[in-house]
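Trainee: sequence and predicted model, in that order:
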Amino acid sequence: MAGLIKREDIDEVRTRTDLKEVVDAYVTLKSAGIGSFKGLCPFHDERSPSFHVRPQMGYFHCFGCQESGDVISFIQKMDHIPFSEAVEKLAGRIGYELHYEDGGTGPRREEIGRRQRLLDAHKIAGEFFRGQLLTQAAAAGRAFLAERGFERSAADHFGVGFAPQGWDSLLKHLSGKGFTQDELKLTGMFSEGQRGIYDRFRGRLIWPIRDIAGDTVGFGARKLFDDDQGPKYLNTPETQLYKKSQVLYGIDLAKRNIASKRQLVVVEGYTDVMACHLAGVDTAVATCGTAFGADHIKVARRLLSDDGTGGEVVFTFDGDAAGQKAALKAFDEDQRFTAQTFVAVEPTGADPCELRQRRGDEAVHSLIRSRRPLFEFAIRSTLAKFDLSTVEGRVNGLRASAPVVAAIRDGSTRMGYSQELAGWLGIADPDEVLRAVKLADKRAHAAPAQHGAATGSRQFASPASPSRAPYGAGQAASQRGTGNGPSAQGAHVRGASPQGGSRQRAEPTTEQPAEPRFPRPDARDPQARMEREALEVVLQHPGLLTAGNWQHFAATEFQVAAYGAVHAGIAAAGEALTASSQWLEAVRENVPEELGNLVAELAMSPLPTKADESLERYCRAMLRRLFEGQITRLKQERLGALQRMDPAVDPEGYQLLQRELMELEMARRALRGD
């Protein structure tokens, strides 16, 4: 069995890898002060950014869900892979050769992580398909692309390929690259019959489906030949890599444009994405055989930095009944965004690809510009089912559309659309509509109580996210791994439901809950606040401390239990590692396990300064306050002892206390520069 990755190589990979650059592939980051960046957390759903990254420290921390760690643990958590695979992936990214304890070059082929093997198979398959597009057998595929206005360069840009009509062309190719049949069965690129496995995609145009990091995780295939009895479009089935509810076609190409333009355009097909990008609407993506759902929204919101400060999501749908139905389906998910959400419907029923073919790039831009607010579209689509020229039609229209308006969560928006609805219906008294909306809202709230929580109405839906308590809330902190453990920054215990209730009925008990060893410090306590600010400085900028500062810091007695334990952890970690990327991890390894997240929190908290000069002044001022506080406490202790002492009984002890008081005063003046 191949050995573990050498520790010095792990440290080298961690040091050489730019954490911000890695995180940028998943999350849109904005500056949050000197050397700090923030964005929407990729580990839980949130509306305002609480996820902070400090590249120089090589660390991230979320103040919302308390996830924290280094670049290795970030990749572990995002890609759901073990520690060794994360190190290998990052090493490959920077071109660093790893060494293993047994002196070999790594695990044998059969021991390489399954996920990486699947990714390798998809990468090789994509290259194979692209090469096949240039063959004579792929003439129909090239003609298909040309008819839709896609030149060779466009096919290359999007990685479009061709699957030969034979039953085992890809099978032979991948087998020749060393992949076993057991591995190939897991890729989703093959079907299985009585005689074994065979190519799933045959005689079809192929689009690679990539994740946000740019790795190919599946394929979409379009029928080209009349004798193909399969569906028009055939996608990879669900696999370890490919989860259709979580992938968006084109996200790898659009992610940076989405982040910079604060716009996401959702279209329906692969060729629509291509047409939009080529026309200049380079924020377009498409779902892969499923509706735009909650998991897609999590990806989109992180890229949009969906924090209520702008941004827009535009859904494009055909003007037919199916398109309207899809748009109304999107309404169910709309309110998970704080960005404005729109619908762009082409009246002729043409999709973006057809628009570009018929009328050029400007027609695609015009479609996006014609967008209408999704709420308006949902309400007007409901009203379109009724003849509003009749009393009966208006009454029924109000009854049908009131629940749509009632489902709008934002009170001001709901009020505004209630008034709009009155105008669209031609009702003179807006209060009549408001009463209908309130009644619909009341009925929606009553539905769960009458039919059980499982049948609750859509306005109560919320994105599923792990229930993680912050430091001090009684949950286990992260399990820290060293070397090649299963997790570099471990999992959290999940006990309570998001609403705070128990998942199962608890038996009555008279036992009192155990008091936490380290209660959450009171932020209103001046002493706790001073100790916290000092620890933030030492953890974030240890290089600013002089040798004398370190001596003073080591001698300081912290009054708050949790901060005292962190202080002890810093002292145990020592000064030697302060200039390396291992500094924070060394501190975390020397504090009680339940305080690991507190260390991360202190290390990532933004300091109230925006310039390097003011940062240094601030840090020195915080340390001076801490040391002066220590001197003041010691002076008070000595003065109390002096008052209780009789100089006639113990003249030497009395003089010793006086000398100590004088020395403490001199130390205080030295700190102030008096």
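Mentor: That came through fine.
Trainee: what about Ile10, neighbour count?
Mentor: As a burial measure, Ile10 scores 24 neighbours (other CB atoms under 10 Å). Quick note: C-beta positions are derived from backbone N, CA and C, even for glycine.
Trainee: shouldn't it be within a helix?
Mentor: Yes - secondary structure of Ile10 (DSSP: H, G, I helix; E, B strand; the rest coil): part of a helix.
Trainee: which residue, neighbours along the chain excluded, lies closest to it?
Mentor: In space, not counting the residues next to it along the chain, Ile10 is nearest to Val87; the distance is 5.7 Å by CB to CB, 6 or more residues apart in numbering.
Trainee: how much space between that neighbour and Ser68?
Mentor: As judged by CB to CB, to the nearest Å, Val87 and Ser68 stand 18 Å apart.
Trainee: and what of Arg372?
Mentor: 42 Å.
Trainee: the two - which one has more neighbours?
Mentor: Neighbours per residue (other CB under 10 Å) separate Arg372 from Ser68, with Ser68 holding more: 27 against 14.
Trainee: what ranges do the strands span in the stretch 1-150 of the chain?
Mentor: Along the stretch 1-150 of the chain, counting by DSSP state E, counting those that start in this stretch, strands occupy 30-31, 37-39, 51-54, 59-62, 68-69.
Trainee: should've said the stretch 251-400 of the chain
Mentor: With DSSP E, counting those that start in this stretch as the criterion, the stretch 251-400 of the chain has strands at 263-267, 284-287, 312-318, 340-346, 372-373.
Trainee: the shortest one pairs with which strands?
Mentor: It refers to strand 372-373. In the sheet containing strand 372-373, its partner strands are strand 340-346 (antiparallel), by DSSP bridges.
Trainee: same check on the third one?
Mentor: Within its sheet, strand 312-318 is paired with strand 263-267 (parallel), strand 340-346 (parallel), according to DSSP bridges.
Trainee: in JSON lines: those, plus distance to Val22, mean neighbour count and mean pLDDT.
Mentor: As requested, those are arranged in JSON lines below (distance: least, CB to CB, whole Å; neighbours: other CB atoms under 10 Å; pLDDT from 0 to 100):
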{"stretch": "strand 263-267", "distance to Val22": "22", "mean neighbour count": "27", "mean pLDDT": "94"}
{"stretch": "strand 340-346", "distance to Val22": "30", "mean neighbour count": "22", "mean pLDDT": "87"}
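Trainee: may I see those organised as TSV, with distance to Leu607 added?
Mentor: Shown next, in TSV, are these (distance: least, CB to CB, whole Å):
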stretch	distance to Leu607
strand 263-267	33
strand 340-346	34
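Trainee: give the contact list for Phe553.
Mentor: By CB atoms under 8 Å, 6 or more residues apart in numbering, Phe553 lies in contact with Val538, Leu545, His567, Ile570, Ala571, Leu623, Leu626, Phe627.
Trainee: a markdown table please, covering these and showing pLDDT and neighbour count.
Mentor: A markdown table is the format used below for the contacts of Phe553 (pLDDT from 0 to 100; neighbours: other CB atoms under 10 Å):
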| residue | pLDDT | neighbour count |
| --- | --- | --- |
| Val538 | 91 | 24 |
| Leu545 | 85 | 19 |
| His567 | 93 | 22 |
| Ile570 | 91 | 23 |
| Ala571 | 88 | 16 |
| Leu623 | 87 | 22 |
| Leu626 | 88 | 23 |
| Phe627 | 85 | 21 |
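Trainee: and of the residues you listed, the nearest to Leu355?
Mentor: Nearest to Leu355, judged by CB to CB, of the contacts of Phe553 is Val538 at 59.9 Å.
Trainee: tell me how far the closest one lies from Ala611.
Mentor: Using CB to CB, one gets 20 Å for the distance from Val538 to Ala611.
Trainee: could you do Ala163 as well?
Mentor: Applying CB to CB to Ala163 and Ala611 gives a distance of 58 Å.
Trainee: and the pLDDT at the nearest residue in space to Phe51 that is not next to it in sequence?
Mentor: Nearest-residue entry for Phe51: Cys41, 3.9 Å, with adjacent residues in sequence omitted and distances by CB to CB, 6+ apart. Looking at Cys41, its pLDDT is 92.
Trainee: next one: Asp211
Mentor: The per-residue pLDDT reported for Asp211 equals 91.
Trainee: low-confidence stretches in the chain?
Mentor: Counting by pLDDT under 70, the ranges of the chain that qualify are 1-3, 80, 102-113, 306-310, 318-339, 447-516, 576-581, 671-674.
Trainee: for the helix of greatest length in it, which helices and strands make contact with it?
Mentor: Among the elements of type helix in the chain, defined by DSSP state H, the one spanning the most residues is helix 612-644. Using 3 or more CB pairs under 8 Å, 6 or more residues apart in numbering; DSSP states H and E, the elements in contact with helix 612-644 are helix 526-540, helix 547-555, helix 651-672.
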